[in-house]
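Novice: have a look; sequence and predicted model below, questions after that.
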Amino acid sequence: MSVVLCNLLISLSLFVAGHAFASDAAGELRGYQQALRVAGEDMLENLEVSYVYGGNKVGDSQTCDTCNRCLEAKRPAPKERFKLCSVCTGCSLDCSHFVQLVFNRANLGFPYLTSTQMLELDASTLGKKYNLRPVSISAEGLLAGDLLVYRGHVVIVETVHSSESADIVHATGGKDIRLPGQGIQRERFVRVGHFRGELLRVLRHVTMDQLWRASKGATRNASSRTLDSSPNESQPAKRFKMRRVEKQRDAAAVR
């Protein structure tokens, strides 16, 4: 066998092996993205959890209902809720605890940190201690599953429509969502750069980042744009809720 033919066969083998590795990485990445979507959507659709600043757990349905009714009666501001409705310590979430809980349910855990820490910690600390890596949208694009960090708020990217528009899921006590039991929301076609003020940082779980880098040669677009559906560039850049803000309580529970 000639040296040229031997080198050609070696190159072909390496190419096939590299493509297979990229395909495996892309498939694993999509699996994590889907797990994140399922975890977030399950909480969105099936839990009546209130937004409470400092809230860090989802309790049983009776505890959550008691918390919601206390908030309905006393109507404290988000940062005053623990003071006036101590029962909410048993069932309530804020944005950063929601993010951690979703990632834990998707087997992409990281130690808890606040949105302020997400902004202030250096890249080395974020990577070594929290399994998160700052990324540049302009250089690397936006990936479904990325965390968008604003001053005092963090959300999970669910679907990427363009470099400036995405669907997100988050725990929120924003001005348009004040009622108890509605703390988890999905919002579509948000302006990424100015959703809650200026976008200050984008963080990516290191496992997803490694898989993305391994797969981006052949499958970057397929894995980075959405958790479960193809992108739709023709959609208008508008915001709307995917579900009703107000959820009807079970009739038996109201009696």
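Specialist: That came through, no problem. Since the structure is predicted, the reported quantities are computational estimates derived from the model, not experimental observations.
Novice: from here on, just use CA atoms for contacts and neighbour counts.
Specialist: Fine.
Novice: and stretch 190-201, how far from the chain's centre?
Specialist: 14 Å (CA atoms, centre = their mean, to the nearest Å).
Novice: helices of the stretch 1-150 of the chain, residue ranges please.
Specialist: Assigned by DSSP state H, counting those that start in this stretch, the stretch 1-150 of the chain shows helices spanning 3-46, 61-74, 81-84, 95-105, 115-120, 123-130, 137-140.
Novice: tell me which of these is the most buried.
Specialist: Comparing those by mean neighbour count (mean count of other CA atoms under 10 Å), helix 95-105 ranks first with a mean of 22.
Novice: pLDDT of that helix, averaged?
Specialist: Model confidence over helix 95-105, given as mean pLDDT, is 97.
Novice: quote the end-to-end distance of stretch 79-94.
Specialist: 10 Å (CA to CA, to the nearest Å).
Novice: that stretch: which residues count as buried?
Specialist: Buried residues in stretch 79-94, counted by 16 or more other CA atoms under 10 Å: 81-82, 85, 87-94.
Novice: need the residues that contact stretch 73-87.
Specialist: 51-53, 63, 66-67, 70-71, 88-89, 173 (CA atoms under 8 Å, 6 or more residues apart in numbering).
Novice: my error: substitute stretch 162-177 in the last question.
Specialist: With contacts defined as CA under 8 Å, 6+ apart, stretch 162-177 is touched by 40, 51-52, 78, 93-95, 98-99, 137-138, 141-142, 154-161, 183-193, 233, 237, 245.
Novice: can you rerun that using 6 Å?
Specialist: Stretch 162-177 has contacts (CA atoms under 6 Å, 6 or more residues apart in numbering) with 51, 94-95, 155-160, 183-192.
Novice: does the residue most central in space within the chain belong to a helix, a strand or coil?
Specialist: Central residue of the chain (CA atoms, centre = their mean): Ile156, 2.2 Å from the mean position. On the three-state scheme (DSSP: H, G, I helix; E, B strand; the rest coil), Ile156 is labelled strand.
Novice: how about it: what's its closest non-neighbour residue?
Specialist: Leu147 (4.8 Å; CA to CA, 6 or more residues apart in numbering).
Novice: okay, now the unreliable bits of the stretch 1-150 of the chain?
Specialist: 1-22 (pLDDT under 70).
Novice: hmm, back to that, so which of the helices of the stretch 1-150 of the chain is nearest Leu200?
Specialist: Smallest distance to Leu200 across the helices of the stretch 1-150 of the chain (CA to CA): 7.2 Å, for helix 115-120.
Novice: let's see the closest one as CSV, backbone CA atoms only.
Specialist: Written as CSV, here are the backbone C-alpha positions of helix 115-120 (Å, rounded to 0.1, in the frame of the first residue of the first chain):
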residue,chain,number,x,y,z
SER,A,115,-28.1,36.7,40.5
THR,A,116,-25.8,39.3,42.0
GLN,A,117,-23.1,36.6,42.4
MET,A,118,-23.7,35.6,38.8
LEU,A,119,-22.7,39.1,37.8
GLU,A,120,-19.9,39.7,40.2
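Novice: can you list contacts of it?
Specialist: By CA under 6 Å, 6+ apart, helix 115-120 touches 152-153.
Novice: which one is Leu71 nearest to, not counting chain neighbours?
Specialist: The shortest distance from Leu71 to any residue other than its chain neighbours is 6.3 Å, reached at Pro180 (CA to CA, 6+ apart).
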